[in-house]
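Asker: Got a sequence here, can you build the structure:
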Amino acid sequence: MDFVNCNFIGEETSFVLPNDIEVLDMYGCQLSSLPCLSRLQRLQERGIFSCSVEWLLLIGDNTTITSLPSIQFLCLRELPSFRGLCKGVLLPGSFACLRRLTVHECHVLENLMSLELFQHLQCLEQIDIAECSEMEEVIQGGEKAMVEEEGYNSINNNTILLPNLRSFHLVDLGKLKSICKEVIICPSLNRIVIQGCPRLKKIPLSLGNSTSVKEGEIEGSKEWWDALAWDDPNTKTLLPFFKVGGRGMKRRAEEESEEVASTSRQPLSPH
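Answerer: Predicted structure coming up:
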């Protein structure tokens, strides 16, 4: 189902979508949020492009249903007012099937999601974030703020296990200081790109004993690289991709992201 150049301002709470839709794309629409998204239990793919949306989901205090439990692909591009995936507390099971997350050119976005949401994304395979000029942290919260919940896949109190994460891209995030305050264990990671993130102080990724990373590029000044902290020192030795300058991998990452966006209307293959 597609919506193009529609104005939903003032009608968000009364706007209703069929509960059985599986694909939803919005282009150039005016809206602050769509509360009805929480009820779309079968939605698998959603793309939002050049819309005025502030929050993907607004969750009330008395909600009793999981939000977007079937969504697998989520692409958010050119959203000038976008503030984050969710305002409010999600129930466990929300976004449980999310596999690919793309966020580009959301210039007021300061952080993408809470730790409470991130820790439940056990199916996540790809994170691609680029050109969000105000982003200071990807995952908000952590350390003492973290509360262990049922369904949280952890090894101890300061680690998050993402067993299926294969691709991790952070490109042109000039204000980014933090990815996540907890250690992210990603034994399946095989591609990493970090470019244009001069204020990033630490890489919280741990590959465990894995040597699966075959491709990637980490760019910045030599001073930045030498000062970079690592939650797992072994990870640095397993990522021999650092270089000063060059934008080849950025272009390739953009091409891959464009290809994913162009096929968002096609059914995803079974996991």
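Asker: This structure: helices as residue ranges?
Answerer: If you assign secondary structure with DSSP state H, the helices in the chain sit at 115-118, 222-227, 233-237, 248-262.
Asker: which regions of the protein lie under the pLDDT threshold?
Answerer: Along the chain, segments meeting pLDDT under 70 span 11-15, 35-36, 61-64, 142-157, 210-212, 245-271.
Asker: OK, contacts around residue 178?
Answerer: 136, 137, 138, 139, 200, 201, 202 (CB atoms under 8 Å, 6 or more residues apart in numbering). C-beta here means a position set from N, CA and C on the backbone, and glycine is covered the same way.
Asker: try it again with 6 Å
Answerer: Neighbouring residues of residue 178 by CB atoms under 6 Å, 6 or more residues apart in numbering: residue 137.
Asker: how near is it to residue 56?
Answerer: 22 Å (CB to CB, to the nearest Å).
Asker: One more: residue 237?
Answerer: Distance of residue 237 to residue 56, given as CB to CB: 38 Å.
Asker: who's more crowded, those two?
Answerer: Using other CB atoms under 10 Å as the criterion, residue 237 and residue 56 rank with residue 56 on top: 23 against 10.
Asker: can you map out the strands along the stretch 1-150 of the chain?
Answerer: With DSSP state E, counting those that start in this stretch applied, the stretch 1-150 of the chain shows strands at 2-4, 23-27, 45-49, 55-58, 73-77, 84-87, 100-104, 111-114, 126-130, 137-140, listed in chain order.
Asker: want to try TSV for those, with distance to residue 17 as columns?
Answerer: Formatted as TSV, the strands of the stretch 1-150 of the chain follow (distance: least, CB to CB, whole Å):
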stretch	distance to residue 17
strand 2-4	10
strand 23-27	7
strand 45-49	11
strand 55-58	14
strand 73-77	16
strand 84-87	18
strand 100-104	21
strand 111-114	23
strand 126-130	26
strand 137-140	28
